[in-house]
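Sequence first, predicted coordinates after that:
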Amino acid sequence: MLEIKLVRQNLAAVEAALATRGQSADLETFKTVDARHRQALQEVEELRHRRNVVSDEIARLKRAGAAAEAFVVEMRTVSARIKVLEKTLAETQEALSAILMALPNLPHVSVPVGKDSTENPVIKTWGRPPQFEFAPKAHWDIGADLKILDFERATKITGARFPLYFDAGARLERALINFMLDVHTREHGYHEVLPPFIVNRPSMTATGQLPKFEQDLFKLEQWDYFLIPTAEVPLTNIHRGEILDEDALPRCYTACTPCFRSEAGSYGKDTRGLIRQHQFNKVELVKYCTPEVSDAELESLLAQAETILVKLGLPYRVVLLCTGDMGFAAAKTYDIEVWMPAQGVYREISSCSNFEDFQARRADIRFRRKGKKGTELVHTLNGSGLAVGRTLAAILENYQQADGSVAIPEALRPYAGGMEALRP
RNA sequence: GGAGAGAUGGCCGAGUAGGUCGAAGGCGCUCGCCUGCUAAGCGAGUAUACUCCGAAAGGGGUAUCCCGGGUUCGAAUCCCGGUCUCUCCGCCA
């Protein structure tokens, strides 16, 4: 959420900034409702003050045994008026918050203006795509040949876009999870967390999935609960409504969780393989920090996610999302894209974002500076470190051999019981 | 699922014949004093949001004693609904 004062005082600038995101924010309604709200608020506060003063006076009179009936009668009118105004205020408040909750974050100054993913600049490329003396197979074919992935039976169990791993495939996924969590906790200072996979509406609202993107979520029938689309949601809500000590920052959490996404609107896209599933595992990284370091924390977050790919020897590139391609809550986002040989393209495997105070304001997460009065909003960041299913797919494709086997990256072998290759 | 108890400031914990309660007291913490050494004592301060005045320091106002609604001139205190926690019984991993 944007700060209401900022929107109020910079209507045109906010409108212009949001326009670069492809959002036509009509803030005229905001302007009129806000004015009405402020006027009613001023009046009601004056009346409440009057009521408080007179009520004290009535109490004093009664204690003294004097008559207070005149005041009581006057206050009846005042209270009635207050009640009317409070109703107005409740309405304007709700309208304002609905408008504000639907506005995306403002882009960071370093974010290039652009309309969609075709305008994302590539800022870094690492590793060389492997050269094959044969036609590289797609990971779903490799998975079928090795009998470690079975999408047909997954469809029987649930439906389209659900994963079913067997044997070395299941083992490899587990190895990747442990590997990633170990790197982030041991080398990058993250606290490991095992959070709930189902969260309530306030949590989803705090991180920005709600109210706008409910159609992207799986919702429980009988409860106002949702399956998490990413561990970002529970991890960022750990400190919702809290005031943290400056000393406690930056605070970093990592968790591996399944992620559930309805993938509404993506029918026909990536219909095969592990790339786009309704359920997938992801190791997530979340940071809470002070505002002055969040730019630097985004860079280190990106580097931490990259580490995994480097250790696994998977070629990748980093792109900086342009204004038109960024997610709702992000001020700045880097995507890491891994090389997928079969399609000959780079595919997103991590997304690292700085949300600045956008989520913190919705979630009411503050901190207190040492020796200073008052509180400030923290900045939150998160990134995938990494999407596990896509990582496994990338390993299958990049490490495939002419004989149909798949070599296991050196760094992963200790986690895979010393296994050196997957063989048919 | 059945029966009961409870939700107050960082923590503990007073506060129900409604007014003098933003809320006693204690602990913790901060600053100062004293003392002087792994202690004690003394004094002061110690919630958040919004808003107004002020250059600032600071001061004024409104709201918040789980949440929402009601009664009332006035509610932490009364009434209704909800949420959560705890105890006992049943059930289940």
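Received the coordinates, thanks. Numbers count the residues shown, from 1 in each chain, chains lettered A, B, ... in the order given.

gap between the two ends of stretch A:20-30?
With CA to CA, to the nearest Å as the measure, stretch A:20-30 spans 20 Å from end to end.

Run the chain-centre distance for it.
22 Å (CA atoms, centre = their mean, to the nearest Å).

Could you pull up the contacting residues of the nearest residue to A:Pro211 once chain neighbours are set aside?
Excluding its sequence neighbours, the residue lying closest to A:Pro211 (CB to CB, 6 or more residues apart in numbering) is A:Met101, at 5.8 Å. The way it works is simple: take the backbone N, C-alpha and C, and place the C-beta from them, glycine included. Residues in contact with A:Met101 (CB atoms under 8 Å, 6 or more residues apart in numbering) are A:Met1, A:Thr205, A:Pro211, A:Lys212, A:Arg362.

Mark which of these are buried, thanks.
The neighbour-count criterion (16 or more other CB atoms under 10 Å) marks A:Met1, A:Thr205, A:Arg362 among the contacts of A:Met101 as buried.

Doesn't the second one belong to a helix?
Yes: checked against DSSP: H, G, I helix; E, B strand; the rest coil, A:Thr205 lies within a helix.

so it sits right up against A:Phe213, yeah?
No: using CB atoms under 8 Å, A:Thr205 is not in contact with A:Phe213; the gap is 10.7 Å.

how about whichever helix or strand A:Pro202 is part of: buried residues?
Following DSSP states H and E, one finds A:Pro202 within helix A:201-207. By 16+ other CB under 10 Å, the buried positions in helix A:201-207 come out as A:Arg201, A:Ser203, A:Met204, A:Thr205, A:Ala206, A:Thr207.

could you point out which element follows the host helix or strand of A:Gly169?
Assigned by DSSP H and E, A:Gly169 belongs to helix A:167-182. Sequence-wise, the next helix or strand downstream of helix A:167-182 (DSSP H and E) is strand A:191-192.

mind checking the SS state of A:Thr254?
Going by three-state DSSP, the state assigned to A:Thr254 is strand.

residues contacting it?
A:Thr254 touches A:Leu181, A:His184, A:Thr185, A:Tyr190, A:His191, A:Glu192, A:Val193, A:Val283, A:Glu284, A:Leu285, A:Val286, A:Gly385, counting by CB under 8 Å, 6+ apart.

Check A:Arg276 too.
A:Arg276 neighbours (CB under 8 Å, 6+ apart): A:Arg161, A:Glu263, A:Ser266, A:Lys269, A:Asp270.

Near whichever residue of the stretch 51-200 of chain A sits closest to RNA strand B, how many other residues are there?
Of all residues in the stretch 51-200 of chain A, A:Met75 sits closest to RNA strand B, at 3.1 Å by CB to the nearest atom of the strand. A:Met75 has 19 neighbours, counted by other CB atoms under 10 Å.

per-residue pLDDT, it?
Listed pLDDT for A:Met75 reads 93.

Would you show me how to pick out the buried ones of the contacts of A:Thr254 in ChimeraX?
Remark: buried members of the contacts of A:Thr254, expressed as a ChimeraX selection using 16+ other CB under 10 Å:
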select /A:181,184,190,193,283,284,285,286,385
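
Mind putting the contacts of A:Thr254 into a markdown table with distance to RNA strand B and pLDDT?
Below are the contacts of A:Thr254 laid out as a markdown table (distance: CB to the nearest atom of the strand, whole Å; pLDDT from 0 to 100):
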| residue | distance to RNA strand B | pLDDT |
| --- | --- | --- |
| A:Leu181 | 24 | 98 |
| A:His184 | 29 | 98 |
| A:Thr185 | 27 | 97 |
| A:Tyr190 | 26 | 96 |
| A:His191 | 21 | 94 |
| A:Glu192 | 23 | 95 |
| A:Val193 | 19 | 94 |
| A:Val283 | 25 | 98 |
| A:Glu284 | 25 | 98 |
| A:Leu285 | 28 | 98 |
| A:Val286 | 23 | 97 |
| A:Gly385 | 30 | 92 |
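
RNA strand B contacts on chain A?
A:5, A:41, A:44-46, A:48-49, A:51-56, A:58-59, A:62, A:71-72, A:75-76, A:78-79, A:83, A:90, A:243, A:366, A:368, A:373-375 (CB under 7 Å from any atom of the strand).

Among the residues you listed, which ones are in strands?
Per DSSP state E, strands hold the following members of these: A:Ile243, A:Arg366, A:Arg368.

ok, the last one - contacts?
To tie it back to what came earlier, the one meant is A:Arg368. Per CB under 8 Å, 6+ apart, neighbours of A:Arg368: A:Ile243, A:Leu244, A:Asp245, A:Glu246, A:Gly374, A:Thr375, A:Glu376.

Let's see that with 7 Å instead.
A:Ile243, A:Asp245, A:Glu246, A:Thr375 (CB atoms under 7 Å, 6 or more residues apart in numbering).

if I look at the first one, how far off is A:Lys124?
When you say that, I think you mean A:Ile243. With distances taken as CB to CB, to the nearest Å, A:Ile243 is found 38 Å from A:Lys124.

Show me which of the residues of chain A next to RNA strand B are buried.
Counted by 16+ other CB under 10 Å, the residues of chain A next to RNA strand B give A:Val44, A:Arg51, A:Val54, A:Ile58, A:Met75, A:Arg366 as buried.

so A:Val199 sits in a helix?
No: A:Val199 sits outside any helix when classified using three-state DSSP, being strand.

That one bridge partners, please.
Judged by DSSP bridges, the bridge partners of A:Val199 are A:Phe226.

Show only the entries of the contacts of A:Met101 found in helices.
Judged by DSSP state H, the subset of the contacts of A:Met101 located in helices is A:Thr205, A:Arg362.

Pick out whichever of the contacts of A:Met101 sits closest to RNA strand B.
A:Met1 (11.9 Å).

ok so A:Lys282 is a strand residue?
Yes: A:Lys282 forms part of a strand when assessed by three-state DSSP.

Could you measure from it over to A:Pro195?
12 Å.

which of these two has more neighbours?
A:Lys282 (26 against 17).

Who are the contact partners of that one?
A:Thr230, A:Ala231, A:Thr257, A:Cys259, A:Ser384, A:Ala387, A:Val388.

Look up phi and psi at the first one.
Spelled out, it's A:Thr230. When read as degrees, to the nearest 10, the backbone of A:Thr230 gives phi -170, psi 150.

nearest residue to it other than its sequence neighbours?
A:Cys259 (5.1 Å).

element containing that neighbour?
Using DSSP H and E, A:Cys259 falls in strand A:251-260.

What strands line up against the lowest-mean-pLDDT helix or strand in chain A, and which way round?
In chain A, the helix or strand scored least confidently by mean pLDDT, DSSP states H and E is strand A:243-245, which has a mean of 87. The pairing partners recorded for strand A:243-245 under DSSP bridges are strand A:366-368 (parallel).
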